[in-house]
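Chemist: Kindly generate the corresponding structure for this input.
(5 chains)
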Amino acid sequence: MAPSHYLILASILFTIGAVGVLVRRNAIVLFMCVELMLNAANLALVTFSRINGDLNGQIMAFFVMVVAAAEVVVGLAIIMSIFRSRRSASVDDANLLKY
Amino acid sequence: MLNLAQDPTLQSFGHDTWWLVLAKVVLAFVFAVLATLLGVWFERRVVGLMQVRPGPNQVGPFGLLQTLADGIKMAFKEDILPTKADKVVYFFAPTISVICSVTALSVVPFGPVVSVFGHHTPLQVTDVQVAVLVLLACSSMGVYGIVLGGWASGSTYPLLGGLRSSAQMISYEVAMGLSIVAVFMTAGTMSTSGIVAAQGAGTRFSLFGQSLPGPGWYAVLLLPSFIIFFIATVGETNRAPFDLPEAESELVAGFMTEYSSLKFALFMLSEYVSMVTMSAVTVTLFLGGWRAPWPITIWSGANSGWWPLLWFLGKVVLLVFVFVWLRGTLPRMRYDQFMRLGWKVLLPINLVWILALAGFRVTSGWERTDRLMALGIPVVVALLAIFFWPSRKPAPAPSLQEQVHARPEGSFPLPPMDLQVPPSPRTRRAVAERQPANVGADAGTVGTDEREV
Amino acid sequence: MSDLKFPAINYSALAPILILFGVACLGILLEAFVPRRLRHPVQLTVGLLGVVAAGVVVIRNAGARTLTAGDAVAIDGPTLFLQGSILLLGLLALLLIGERSVERGGAFVPHAAVVIDTPADREQQSGGGTTEVYPLTMFAMAGMLLFVAANDLLTMFIALEVFSLPLYLLCALARRRRLLSQEAAMKYFLLGAYASAFFLFGIALVYGFTVGASNGRGQGGGVDFGTIHAAVQNSSASPVLLFAGIAMVSIGLLFKAAAAPFHVWTPDVYQGAPTPVTGFMAACTKVAAFGGLLRVLYVGFSGAAWDFTPVLGAVAVLTMLVGAVLAVTQTDIKRLLAYSSVANAGYLLVGVLALSKDGLSSTMFYLVAYGFTVLAAFGVVTLVRDTDGEATHLSRWAGLGRRSPLYAGLFTFILLAFAGIPLTSGFTSKFAVFGAALDGGQTWLVIAGVLTSMVLAFPYLRVVVMMWLSEPGESTPAVAVPGWATGAAVTIGVAATLVLGVAPAPLLDLANGAAEFVR
Amino acid sequence: MSLSPYVPIIGLFAVAAAFALFSVAAARLAGPRRYNRAKLDAYECGIEPSPEPVGGGRFPIKFYLTAMLFIVFDIEIIFLYPWAVSFDLLGGFGFVEMVLFIVTVFIAYAYVWRRGGLDWD
Amino acid sequence: MSDFPYLSVLTLAPLVGAVVVAFLPRTRPDLAKQVALGWSLAVLVLAIFMWIAFSAGGDRLQLRESYSWIPRWGVNFTFATDGIALVMLMLIAVLVPLVILASWHDAEGSKRSVPIYFALLLVLECTMIGVFAAADVFLFYVFFEVMLVPMYFLIGSYGGHQRQYAAVKFFLYSLVGGLFMLAAVIGLWVVGGHTFDWQHLVDADINTNTARWLFLGFFVAFAIKAPFFPFHTWLPDAGGAAPAGAAALLVGVLDKVGTFGILRYCLPLFPEASRWFAPWALALAVIGIIYAALLAVGQNDLKRLVSYTSVAHFGFIGVGIFAFTTQAGTGSVLYMLNHGLATGLLFLVVGMLVSRRGSAMVGDFGGAGRLMPLLAGVLFFAGLASLAMPGTAPFISEFLVLLGTFTVNKLVAVIATAGIILAAAYVLWMVQRTTQGTLNPALAESPSMRRDLSVREKVVVAPLIALLLLLGFYPKPVTDVINPAVQATMQDVGRTDPAPAVGNVQEASR
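Modeler: The predicted structure follows:
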C-alpha cells in the first residue's frame, strides 16, 4: 500500500467527520465526529512525516493526542451537564437560543 | 554479561520462516488454553487445600480434566439471548475479551534464542520496539469486552457491573502504566526481550571501595514499582480481593449475569488467560524473565538452550499461586476502599517514586556532595512539609443524640420529650460517621499515610 | 552520548506567559486549600496581581525582538503589544468577573444541578460563590498570550485549545438561566472543536506542503512560520496542499474571530454565557484571534497574499454584512452586541487585509479600542437587572434613561462609539483600519465597510431611542448599584473609549512602533 | 522471506479471534433451545424487571469523573514513556521539564482530591 | 488683539458653558436659563470682536490657528475662517441667544430636565461653530458628525408629536451622509498625501476619476445635510417635530453646513469634478425649488410647511453655487445668511403660535390676527421676508442668485423664477389661513390665544426683524466680506465670470 493511500484515507475520514457534524443531531455523535476529524489530521501528519522521512509530523501527532484528550474531558463534562439537566443529548432539543 | 549469544535483540525478530512463525503463534495460543484448563484446576485444588477440603479430584488423574469436562458441559447448555439485549454487541463482547487477553502473549518472551530444526530463533512469538505498549493496549482493549458485554445485556445488574468493572480497570491501568515507567527508565527500552536482557545485565555497586555484583531483577531494584504493578495486575484482572464486578452480594455476577453457555465460558477463559498473561508479564518486567534465579545461576548452562523455559514457567506458576493465595485468604474490598487505594495511594506514590528515581539517576554522575545536596534538600523539604503539615483535627464527633437533634425541622417526626426513644437504625445509619478505610493495611508493604503524598 | 540539541529558552521573554500559567496553577491550589470563605478575595487578589505582574514584565520586555524556544515563540512588537492589550482588557474582565455585590454570590454557579435561590444554592454562594472561574480565566488568558506569540502552527493550535477549553467551561457557568448557559457552552464547544479540527487538518496539509517543498533540499519540513515562508517562496511543488491548508487554518482562526460564515456560534454564546465572560470573550478572544490571524497571514503565508486576499476579502464583506443586517432584527441586547461584534470582526478583517505595516498597527489599535468599549458595554449590561437577574430583552430597556440617566448615558456613549461617531474610539479605530485598507488598495472593502456601518447604526440608535425617548414602563428594571469592581471596569472602559477617541495619538504611535514582526 | 515483526501479533490475534468466534457460534448450534419467556427477560433477582430503560437510566456521575481522570493520567503516561525510554539521552534538561510537567498534573490532582473527586460513595 | 485665538475660544466657550449648565441643579431651571443666555451673549460679544478683527480685504483664510492632534495621521486642530464662514459664525452667534430666549419655556412642557435642554443648545452651538471654523478636513468631519448628537437629543427628548421617529430619521440620514463623507475623507487622505490640511489638499493633484468619486462622497453628505431634493425627506419630519428653537437652529444654521461644505470643500478640492457634476447638481436644485414649493402649498402643519419652504430655498442656494459665477455665489452665501435670519424668525414666530394653541395644524387657527395683532404682524413680516419681498434681505440674495445664474444658464434661471411665484403662494396662503379671515370660535375660548407678544418675545423678534431690514437695504458690510472668498472659490473651480461681476453686485446691493 503506497503511503499516499493513507492520505486519501485521512481525507475520507476527515470528510466523514466534517459531514457527520453537519448532519447528525446527537451531541455525543457530533463529538465523536469531531474526534474523528482530529484523528484524521493525525493520520495525515504521520503519513506526511513517513513519506518524507521527517520526524516533526509524528511529534505533532503526540501533541494533538493530548489536545484531543483534553477536549474529550471538557466536552464530556459539558455534554453531561446538559444531558443531566435535560435528559437528552440531541442538539435539536437544545433550542432555547434562537433569533 | 551483556548481550550473550542467546540473548535475543530486536534484530533477531522478523527473520523467521513462515512455518516457524505459524508454529509459534499456535503454540502460544495452545499455551493460553492449556494454562486456563490447568489454571482453573490449580486454583480449585489450592483453594480446596487451603480450606481443608479436597477440591476436584474425580475427573482424570487428580481431577485434572475437571475443567475440560466443565467446558464441554458448558457447550451443551442453552445459549440465551435476552430480548432486550443488543444482539450484535452481545455476541461480540466475549470474543473481544478473549482476543485481547490472548494477543498479549505475543510479545512475552518465553526463553532465549534456541535452535529449532537448524533455525536459530528466539523463544518468543515476536518482539517490537514498543512491545510493552502492545501489552498495555491489549489490557486496555479488554475493558471494552466487559463494558460492552454489560451494556449489551440490556439489564441493570450487568450494566452496573460492567461500569464498575471498567472504572476499576481504568483506575488500575493508570497505576500499572505509571509503575512501568521506572522499568523503562532503567532498561532504556520498551521491547520485552530488551527488558529481560537488561535485567540479566545486573548492576554493580561499590561497597568499601570494592565493586560487587548486585541483583539485576527489577523486582529488587525497583521494589515500589513492582509492588504497585502487582497490585494493579490483580485489580486489572478483576481477581480477588478486587473481584468487585462480580460481587455476588451486590451485583449477582456482574457483567456476566445475562451470559450463558460458551459465551460465559469465554469470559471465564479470558479471565484466566489474563491472569496467566499478567503473571508472565510481571515475570518479564520484574522477575528477570526466563533467566534463572540466583542460586541456579551458579550452573553456567542455566540460561542457555531450552532450560530457561522451565525457569520461566516456574516463575509464572509461582505468581499464579500468589493470585490463588490472595483469593483464598483475603476478603473482598469495598468498592470505595478499592478506588481510594488506586487513586489516593498507588498513584501518588508512583509519581513520587518516579521523580525520586529520575532524580537519583540524573545525579548519578555528580560529585558526591553535590549529589547529596541535590537529593537531600528535596527530601528534607518534603519531610518537613509532612511533619509540619497543619493536621486538621477532626471536629469532635457529636453524639448520636446531638446529631438527631441537629436534623432540620420536619424531616422526621420527633419523639415526645419525655419519651426516650432510641434513634431508629435508619437514622443511625444516616448519620453514622464514616470511618475512613484503613487502606494502608490492605496494601501490605505499601503501608503509608495519606498525608505523606 | 547526547546528540539531542535542546532549544535555548529565553525565560524572561516568556515570563508573562509563564507567570499567568503559574498563577492559574496557584489558583487551583488555592481552590483546593483555602477555606471557602476566603477564596473569593484571595483568588481575585492573586489573579489581579498576576495580571499586573505579567503586564509589568511585558512592559519591561518592550524592546525585545526575538525568537525563542526553538523558534516556537516569537516575542516581537506585535506580540508584546497584543499581550499588553490582552492583559489590560483581561484585567477589566477580571474585575467584572470578580463582582460580588451586584448579585450576592456572583454570576457563576458551581454545580449545574443546583437551582438558584434554593437552600443549596444559598449555601454555596454564602462563602463568596464560585471561585473556579479565576483559574479558568487565568488559563484562558495565558493561552491567549501564548497564542499571539506562537510562531509555529502547532504551538498556535495548542494555545488555541488552551484558551478555548476554559472558555467553553466558563460559558456554562451562568448561575441564572442555566439551561441557556449550558446550551451555549455546548454549542460553543461543538462548533469550536469542529473549527479547531479544521485548523488542525490545515496544519497537517501545510506540513505536507513544507515537507514536500523541502524534499531533496536537505532541510526538514515543519510548521513554523519561517519554514512555511521559505517553502512558499521557493517551492516549485503544487500549491494545492498549501491553498487547502491556508483555507483550513483560516477557518479555524476566523471561527475564533467570529467572522461570517463561521460566526453562527457568536450570538448564542454571547447570549447564554455569563455576561462578564461574554465581555471577556468579546474583548480578549478577539484580540487573540486577530493577533494569530495577523501573524499567520503576515509572517507565514505572506508569499501567498495574492491568492488569499480576494477570498478573505469576500469573507470580510460577508462578515460585515451579516453582522450589520442581522443586528437590526435582534431583540436581546446581548445578541445585538454579539452581531455587532461580528460586524466589528469584519472591520478588523478589513484592517488585516491591508497587508501592510499600517494595516497591522491599525488593526492592533482597533482591537484595543474595541475591547475597552465592549467590556464597558457588557459591564453596563450586568447592571441592568431586576429580581430575576439581568434584564437583557430590549423592550425592558425602554425608558432606562429616566430611571438612571448616568448608566443610560454611559451606554449611549458606548453605542455612539460602536456607531463610529467622532470623538469616540470607535471612530478613530474605524478611521485607522479604513485608511490602512485604502492605502493598501482595498477600496472595495472600505466601501463595503462604510455601507455596512450605515446599516449597523440603526440597531444602536434603536437602543438609544429605547432608553431615552420612551417612557419607563412597569417592567423597566432598576439599575443595580455597581460594586467597586464593576464600577472601575465600566469607568475605565468608557474613559478609554473617550480618550482613544479624543487623543489617540500615543496609542497609535505605540502600535506603529510595535508593528514589525520578526521572522 | 522475512516478515514484519508485527505480523505474528496479527497472527495470534487472528487465531484467538477464530477460536472465540467459533466458540460463540458453536454455542448457538450445540446447545438446546427451549423457549421460555421468563428466561429471556432481564435478570432482576426474580422480581419483575423494572420498566426503566437501561440506557436512559442514570448512573452515578462518578463513573464519568473516573473516566475523565483516567484520560488525564493516561495522557501523562503517554508523555512519560518516551521520556523514560530516552531518559539517559535527555539528562538534566529532560528531568527538569518532566518535574514541571508532573508537578502541573499534581496540582490538578491535589485539587481533585481536595474537592472530593476521588471519594466514591 | 488679532493674534487672539478667536476661533478656538469661540468653539470651546459654549462647550464649557454647556458643562456648567448641565451641572446646575435640576430644581432651579431659571438659573440654568439665565446662565445659558448669559453665556451665549458672551459668545456673541466675542464673535463681534472677531468680526472686527477680520480684515475684509485680507487673506482668504484668516485667524488661522493650528495645534497638533494626531501627528501620525497628519491631523491638526486647525481653525481658520474665510468670509463665508465668518458670516455663518456671526449668524450662529446671533441666533443662539435669541433661540435661548425664545425657548424660555419650551422645555418645561416635557418631563425632561430643563438645564439639560439648554446645555444641549450650547453643545450644539459649540459643534456648529466648530464645523464652520475648522480648516482641517478631519476636524471638520468630527464636528460634522458630533453635531448630530445634541440635535438628536433636542428633537428626540424635547420635541413634539412623532419626535422619536423624526429624531431617528434625522440621525440616520445624517449619519449615512456622514459615512459617505468618511469614506471620501479617508480616500482624500490617502490620495492627498496623508494630510488633512485644507490648504494642502486644495493644492494636491488628484486623479480625475478618483476626484469624481470623492466629490460624490462629499456631495452626498452635504446634499443630505442641506437638504437637496431627493434627500430632503427628513427635514419636514425633523423640523416638524423639533421644538421651535431647535428647529430654528436646525434649519437656520445646521443645514447651512451642507451648502457651506459644498462651497468650502467640494468646489475647491475637486474643481474638475465639480464642473463635471454641476449640471446634475443644478437639475437637483431646480427640481427641489419647484417640488418643495408645491409640497409646501399643500401642507397643513405649520412647522412642516416652513420646513418645505426651506427645502425650496436650499434649491436656490444650490443653483447659486453651481452656477459658478461670482454673482450667484455671493448671492448664495448671502442667501444662507438671510435664510437663516428669515426662516429662523419664521420658525420662532410659528413656535410662538403653536405653543399658544397647542397645535401646529393650520386648520386649528384662522383669524388669529384679531386676537393677537402684533404676533400676526410679525408672522406676516417673516413670511414676506421668506418669500424675498424687496426691502427684506432675502430679496437681494435671491435676485443675485437669479441674475448670476441667468448669465450662464437661462433655463435654470427661468424655472427657478417660477419658484418665487409658488413661494408667494404658499406664504401668503399660510398667513391668510392662520391670521386672517373669520375668527375660529375655538380660538376665542382659549385664554392663551389672547396673549399677544410678551416682552421676552418682542426682544426675540426685534433684532431679527431689524437685521432683515438692515441687510435688505444695506448688505455691503456682508458682501464685502463674502465677495473675496467667493471669488477665490470660483477661481479654484476655474470659472471666470462672463460679465464684470463685482460692480454689478455693488449696484444690485444698493
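Chemist: So for the one helix or strand C:Ser340 maps to, mean pLDDT?
Modeler: Element membership of C:Ser340 [criterion: DSSP states H and E] is helix C:333-352. With pLDDT averaged residue by residue, helix C:333-352 scores 92.
Chemist: ok, and does that helix reach over to chain E?
Modeler: No. Applying Cβ under 8 Å from any Cβ of the partner chain, one finds helix C:333-352 separated from chain E by no less than 11.3 Å. Every residue, glycine included, has its C-beta placed from N, CA and C.
Chemist: name the helices or strands packed onto that helix?
Modeler: helix C:240-257, helix C:265-272, helix C:275-280, helix C:286-295, helix C:305-328, helix C:357-383, helix C:425-439, helix C:443-464 (3 or more Cβ pairs under 8 Å, 6 or more residues apart in numbering or on different chains; DSSP states H and E).
Chemist: Taking helix C:286-295 as reference, get the angle to the strand or helix carrying C:Gln83.
Modeler: Element membership for C:Gln83, per DSSP H and E: helix C:77-97. Direction vectors for helix C:77-97 and helix C:286-295, defined by axes from the mean of the first three to the mean of the last three Cα atoms, to 10 degrees, enclose an angle of 160 degrees.
Chemist: if you look at helix C:77-97, does any of it touch chain E?
Modeler: No. Using Cβ under 8 Å from any Cβ, helix C:77-97 never reaches chain E; the gap is at least 15.0 Å.
Chemist: what sits against E:Pro14?
Modeler: E:39-40, E:43, E:96, E:122-123, E:125-126, E:129 (Cβ atoms under 8 Å, 6 or more residues apart in numbering or on different chains).
Chemist: ok, 6 Å please
Modeler: Neighbouring residues of E:Pro14 by Cβ atoms under 6 Å, 6 or more residues apart in numbering or on different chains: E:43, E:122, E:125-126.
Chemist: Neighbour-wise, which one of these leads?
Modeler: E:Glu125 (31 neighbours; other Cβ atoms under 10 Å in any protein chain shown).
Chemist: Identify the residues contacting that residue.
Modeler: Counting by Cβ under 6 Å, 6+ apart, E:Glu125 has contacts E:14, E:96.
Chemist: And it, what's its pLDDT?
Modeler: Looking at E:Glu125, the pLDDT reads 88.
Chemist: Helix or strand: which one has it?
Modeler: helix E:114-133.
Chemist: what separates the very next helix or strand once past that helix from the chain centre, distance-wise?
Modeler: The C-terminal neighbour of helix E:114-133 among helices and strands, as given by DSSP H and E, is helix E:137-146. Relative to the chain's own centre, helix E:137-146 is displaced by 17 Å; criterion: Cα atoms, centre = their mean, to the nearest Å.
Chemist: Please see if the least confident helix or strand in chain D by mean pLDDT touches chain B.
Modeler: Lowest by mean pLDDT, DSSP states H and E among the helices and strands of chain D is helix D:37-40, with a mean of 70. Yes. Shown here: helix D:37-40 in contact with chain B (Cβ under 6 Å from any Cβ of the partner chain) through D:39-40.
Chemist: Identify the residues contacting the helix holding C:Ser340?
Modeler: C:257-259, C:263, C:266-267, C:270-271, C:282, C:290, C:294, C:316, C:319-320, C:323-324, C:326-327, C:330, C:359, C:362-363, C:366, C:370, C:377, C:381, C:392, C:394, C:418, C:433, C:436-437, C:445, C:449, C:456, C:459.
Chemist: re earlier: for the helix holding E:Glu125, list the C-alpha coordinates in CSV.
Modeler: Provided in CSV are the C-alpha atoms of helix E:114-133 (Å, rounded to 0.1, in the frame of the first residue of the first chain):
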residue,chain,number,x,y,z
VAL,E,114,-34.6,71.8,31.8
PRO,E,115,-30.9,72.5,32.3
ILE,E,116,-30.0,69.7,30.0
TYR,E,117,-32.1,71.3,27.3
PHE,E,118,-30.1,74.5,27.5
ALA,E,119,-26.8,72.6,27.8
LEU,E,120,-27.7,70.7,24.7
LEU,E,121,-28.3,74.0,22.9
LEU,E,122,-24.9,75.2,23.9
VAL,E,123,-23.3,72.0,22.9
LEU,E,124,-25.0,72.4,19.6
GLU,E,125,-23.6,75.9,19.3
CYS,E,126,-20.1,74.6,20.0
THR,E,127,-20.3,72.0,17.3
MET,E,128,-21.8,74.4,14.8
ILE,E,129,-19.1,77.0,15.4
GLY,E,130,-16.5,74.2,15.2
VAL,E,131,-17.8,72.9,11.9
PHE,E,132,-17.6,76.4,10.3
ALA,E,133,-14.3,77.3,11.9
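Chemist: quick one, that helix and helix E:137-146 angle?
Modeler: 150 degrees.
Chemist: Okay, buried residues for helix E:114-133 please.
Modeler: By neighbour count with 16 or more other Cβ atoms under 10 Å in any protein chain shown, helix E:114-133 contains the buried residues E:114-133.
Chemist: now do stretch A:28-35
Modeler: Neighbour-count burial for stretch A:28-35 [16+ other Cβ under 10 Å]: A:29-35.
Chemist: any idea of the mean pLDDT in it?
Modeler: Stretch A:28-35 shows an average pLDDT of 89 in the prediction.
Chemist: Stretch B:100-111 too?
Modeler: On average, stretch B:100-111 scores 86.
Chemist: which outside residues touch it?
Modeler: Contacts for stretch B:100-111 (Cβ under 6 Å, 6+ apart): B:28, B:32, B:123-127, B:131, B:134-135, B:138, B:141-142, B:192-193, B:196, B:270, B:273-274, B:277, B:280, B:284, B:289-290, B:308-309, B:312, D:8-9, D:12-13, D:16.
Chemist: filter those residues to the buried ones?
Modeler: Of the contacts of stretch B:100-111, these count as buried by 16+ other Cβ under 10 Å: B:28, B:32, B:123-127, B:131, B:134-135, B:138, B:141-142, B:192-193, B:196, B:270, B:273-274, B:277, B:280, B:284, B:289-290, B:308, B:312, D:8-9, D:12-13, D:16.
Chemist: what about E:Pro438, which SS state?
Modeler: Let me fix one detail, which is that residue E:438 is Thr and not Pro. coil (DSSP: H, G, I helix; E, B strand; the rest coil).
Chemist: quick one on the thing from earlier: take the buried residues of stretch A:28-35 and write them to a markdown table, including distance to chain E and secondary structure.
Modeler: Conversion of these to a markdown table gives the following (distance: Cβ to the nearest Cβ, whole Å; DSSP: H, G, I helix; E, B strand; the rest coil):
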| residue | distance to chain E | secondary structure |
| --- | --- | --- |
| A:Val29 | 47 | helix |
| A:Leu30 | 41 | helix |
| A:Phe31 | 44 | helix |
| A:Met32 | 48 | helix |
| A:Cys33 | 43 | helix |
| A:Val34 | 41 | helix |
| A:Glu35 | 46 | helix |
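Chemist: Compile the residues you listed into TSV and extend it with columns for distance to B:Val316.
Modeler: Converted to TSV, the buried residues of stretch A:28-35 look like this (distance: Cβ to Cβ, whole Å):
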residue	distance to B:Val316
A:Val29	44
A:Leu30	47
A:Phe31	43
A:Met32	40
A:Cys33	44
A:Val34	44
A:Glu35	39
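Chemist: Quick check: nearest residue in space to residue 62, chain neighbours excluded?
Modeler: Going with chain A. Of all residues not flanking A:Phe62 in the chain, D:Ile78 sits nearest, at 7.2 Å (Cβ to Cβ, 6 or more residues apart in numbering or on different chains).
Chemist: you looked at the wrong chain, it should be chain D
Modeler: D:Trp120 (5.7 Å).
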